[in-house]
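Engineer: A structural model of the following input is requested.
(one chain, ligands or ions: 3)
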Amino acid sequence: MIIRTLGAGAGGGLPQWNCGCPQCRAARAGEIAAMTQSSLALSADGQAWVLLNASPDLRQQLAATPALHPRGLRDSPVAAVVLTNADVDHIAGLLSLREKTPFRLFATASTLTVLAENAVFAVLDPALVTPVAITLDQPFCPLPGLEIIAYAVPGKVALYLEGPEVETRAMGEQTIGLRIVQGGRVLHYLPGCADLPDWLCDRLTEADLLLFDGTVWADDDMQRSGTGAKTGARMGHLAMSGPEGSLARLAGLTARRVYTHINNTNPVLLPGAPERAALFAAGWELAADGMEIVL
Ligand code: MLT
Ligand code: MN
Ligand code: ZN
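Structural biologist: Ligands and ions are numbered 1, 2, ... in the order given. Below is the predicted model of the structure:
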């Protein structure tokens with residue numbers, strides 16, 4: 001399985017258009033690598049590819065990835081897109097795939113309904129773009145030889161769908177993890193996850209590779225940096241640090257462990273940060289745009 005991180009950033013990317021935090025300033029100065037928004041490309045054979053989420057930066061991501069360039073006059077190696085939720089940073093890129101090339105669009109029925117209720121997504125020609133409803137816990141194959149099982153993980157509805165009361169650790173179709181298998185090798189992809197209960201930690205022990213939610217280092221990253229009032233928990237993202245954080249909860253895994261969907265306010269992005277050193281010391285890696293892993 002070939003895994004390519006198209007974008008390792010969270011919503012807003014790095015630098016974010018309106019942010020002057022130390023990480024965004026360092027990225028503008030060229031001191032650290034910029035990150036586009038969360039998306040991954042997968043292939044079994046290097047020929048046909050599936051995108052896991054379609055970020056608002058997808059046009060730029062495709063341009064930067066020769067394996068995803070057309071091989072003919074009107075063509076794309078992208079055969080399918082799988083969505084893990086309906087967040088803007090995971091669906092807006094669908095609008096860049098509107099120029100009449102067929103692909104299959106896999107998402108839960110509730111995420112497909114969100115798209116169907118937003119008229120702008122009607123630009124995806126229904127004669128060419130085939131929505132396929134994912135049934136949780138049932139395998140499907142977006143590409144020959146590549147099997148995926150989607151499962152509910154704790155999470156919330158997309159920001160723009162929030163009502164006055166928000167259940168931030170809801171279990172259902174709104175936020176899913178993906179178990180991807182090819183040639184006996186197992187990848188789990190969870191770019192958004194609000195909690196790691198025992199059953200989920202147990203489930204992840206089988207992974208050869210884990211790509212996990214790296215949005216925030218501490219629950220109060222945004223408050224401490226003065227960039228905002230929201231906690232990671234309120235945004236539906238589990239912190240890396242702390243006794244219930246992903247570093248501690250997943251310490252027993254044998255999988256290669258990589259954080260992705262990294263928010264620009266996360267201090268681990270700065271060279272020399274103690275948080276970054278702690279993450280590496282715990283055996284984790286940070287994804288970067290264009291990172292390729294062959295599993
Ligand atoms: C998130 O991951 O929390 C969302 O992408 C936030 C957003 O919609 O900008
Ligand atoms: Mn996001
Ligand atoms: Zn910033």
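Engineer: does stretch 153-171 come close to ligand 1?
Structural biologist: Yes. Stretch 153-171 is in contact with ligand 1 by Cβ under 6 Å from any ligand atom, via L159. No exception for glycine: its C-beta is placed from N, CA and C like everyone else's.
Engineer: How about that stretch and ligand 2, touching?
Structural biologist: No. Using Cβ under 5 Å from the ion, stretch 153-171 stays clear of ligand 2, with a minimum separation of 8.7 Å.
Engineer: Next, the buried residues of that stretch.
Structural biologist: With burial defined by 16 or more other Cβ atoms under 10 Å, the residues of stretch 153-171 counted as buried are 153-158, 167-171.
Engineer: Please produce JSON lines containing those residues, extended by distance to ligand 3, secondary structure and pLDDT.
Structural biologist: Formatted as JSON lines, the buried residues of stretch 153-171 follow (distance: Cβ to the ion, whole Å; DSSP: H, G, I helix; E, B strand; the rest coil; pLDDT from 0 to 100):
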{"residue": "V153", "distance to ligand 3": "26", "secondary structure": "coil", "pLDDT": "98"}
{"residue": "P154", "distance to ligand 3": "26", "secondary structure": "coil", "pLDDT": "98"}
{"residue": "G155", "distance to ligand 3": "23", "secondary structure": "strand", "pLDDT": "98"}
{"residue": "K156", "distance to ligand 3": "22", "secondary structure": "coil", "pLDDT": "98"}
{"residue": "V157", "distance to ligand 3": "25", "secondary structure": "coil", "pLDDT": "98"}
{"residue": "A158", "distance to ligand 3": "21", "secondary structure": "coil", "pLDDT": "98"}
{"residue": "E167", "distance to ligand 3": "28", "secondary structure": "coil", "pLDDT": "98"}
{"residue": "T168", "distance to ligand 3": "22", "secondary structure": "coil", "pLDDT": "98"}
{"residue": "R169", "distance to ligand 3": "26", "secondary structure": "coil", "pLDDT": "98"}
{"residue": "A170", "distance to ligand 3": "28", "secondary structure": "strand", "pLDDT": "98"}
{"residue": "M171", "distance to ligand 3": "31", "secondary structure": "coil", "pLDDT": "98"}
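Engineer: Can I get those residues in CSV including distance to S55?
Structural biologist: Listed next are the buried residues of stretch 153-171 as CSV, based on distance: Cβ to Cβ, whole Å:
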residue, distance to S55
V153, 19
P154, 22
G155, 18
K156, 19
V157, 19
A158, 14
E167, 25
T168, 22
R169, 24
A170, 23
M171, 25
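Engineer: with the residues you listed in mind, which one is nearest to R179?
Structural biologist: Within these, the smallest distance to R179 is 11.1 Å, found for V153 (Cβ to Cβ).
Engineer: Could you measure from the closest one over to A92?
Structural biologist: Distance of V153 to A92, given as Cβ to Cβ, to the nearest Å: 22 Å.
Engineer: Over to L68?
Structural biologist: 18 Å.
Engineer: what about the closest residue to A248 other than its chain neighbours, how many neighbours?
Structural biologist: Take A248 and drop its neighbours on the chain: the residue closest to it by Cβ to Cβ, 6 or more residues apart in numbering is G242, 7.0 Å away. Number of residues near G242 (other Cβ atoms under 10 Å) recorded here: 15.
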